[in-house]
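Engineer: build the 3D model from these lines:
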Amino acid sequence: MVAFNEKLARAVIVDRRFGRSGAPWEFNLRDVLRWCQLAERASEASGEESAAIADAVAAMFPVVYLHRFRTAEDRAAAAELFIQHFPDASPPWPLVQPQLRLSRSAVFVGSARLQRSVAQSSDCGVDLSLLRCQMPVLEASAAALEQGWMLALVGQSAAGKSSVARMLAGMAGAKLHEVRSPSPPFTDTRGGRRRRNNLFHSALSERRTRVAEEQRKIFTLTRSCAALCGCEPSDSAS
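Structural biologist: Have a look, this model is predicted:
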């Protein structure tokens, strides 16, 4: 899994063989650990031994990697790289349609499980129709939420991002708070770090400008007070 992560990073980031849409990318140890975490959780849920672990590794590959790519061509290229490293695993592409099951205490989407709230009910998403093509994204989203990870649904307008969030909230009986942003907060789930750094440096530069302005005001006030008192003004503000 570590070797595959390194190979994928080289193919996408260094060689730029695919994945240009959605760049910049970042594949690191965090992805491997999350992959292991999801695979372990899925194998435990199946109740089987080593064969189930290998199947879980293949089943969770789309959750951690494939769904991050924006185009079908990029997903197919990543899946081909996966098959080269795991020739005995089930092909991860095309995506398998997960099963949806609801109980009083939980909602199951494929191998993902979300706790349902019994204390409150939610009418969020009740007027939406669940499409088969949304099931893989629904499973990946539920798996991320189950682990408490940050989830970013990226796509064009009217692609169904809000519908997925509302349906998950409705099935889990959770309250969904929607806030409109004037601009996308991230260019990509991982590549957004560059945008965050730019925002940080911009805020830091603005803060420095304000501090410099306050220093000039203090210096001007100090000179005025010194002139009124007949003292020799200082050349610097302290």
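Engineer: how is the chain carved up into domains?
Structural biologist: Domain assignment for the chain by automatic domain parsing gives 2-85, 100-172, 191-238.
Engineer: residue 178 is nearest to which of those?
Structural biologist: Of all the domains of the chain, it is domain 100-172 that lies closest to residue 178, at 7.5 Å by CB to CB. C-beta here means a position set from N, CA and C on the backbone, and glycine is covered the same way.
Engineer: mind putting the domains of the chain in a markdown table, distance to residue 94 included?
Structural biologist: Formatted as a markdown table, these follow (distance: least, CB to CB, whole Å):
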| stretch | distance to residue 94 |
| --- | --- |
| domain 2-85 | 9 |
| domain 100-172 | 9 |
| domain 191-238 | 26 |
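Engineer: nearest to residue 93, of these?
Structural biologist: domain 2-85 (3.5 Å).
Engineer: pLDDT averaged over that closest one - what is it?
Structural biologist: Throughout domain 2-85, pLDDT has a mean value of 86.
Engineer: so where do the strands sit in the protein?
Structural biologist: Using DSSP state E, the strands of the chain run over 100-102, 106-109, 112-115.
Engineer: CSV please, covering these and showing mean neighbour count.
Structural biologist: Below are those laid out as CSV (neighbours: other CB atoms under 10 Å):
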stretch, mean neighbour count
strand 100-102, 13
strand 106-109, 20
strand 112-115, 19
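Engineer: rebuild these as a markdown table, extending it with mean pLDDT.
Structural biologist: Shown next, in a markdown table, are those (pLDDT from 0 to 100):
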| stretch | mean pLDDT |
| --- | --- |
| strand 100-102 | 85 |
| strand 106-109 | 87 |
| strand 112-115 | 85 |
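Engineer: any chance of the ones you listed in JSON lines with distance to residue 13 as columns?
Structural biologist: Formatted as JSON lines, those follow (distance: least, CB to CB, whole Å):
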{"stretch": "strand 100-102", "distance to residue 13": "35"}
{"stretch": "strand 106-109", "distance to residue 13": "31"}
{"stretch": "strand 112-115", "distance to residue 13": "28"}
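Engineer: still on that earlier bit, residue 92 is nearest to which of the domains of the chain?
Structural biologist: Closest among these, using CB to CB: domain 2-85, at 4.9 Å.
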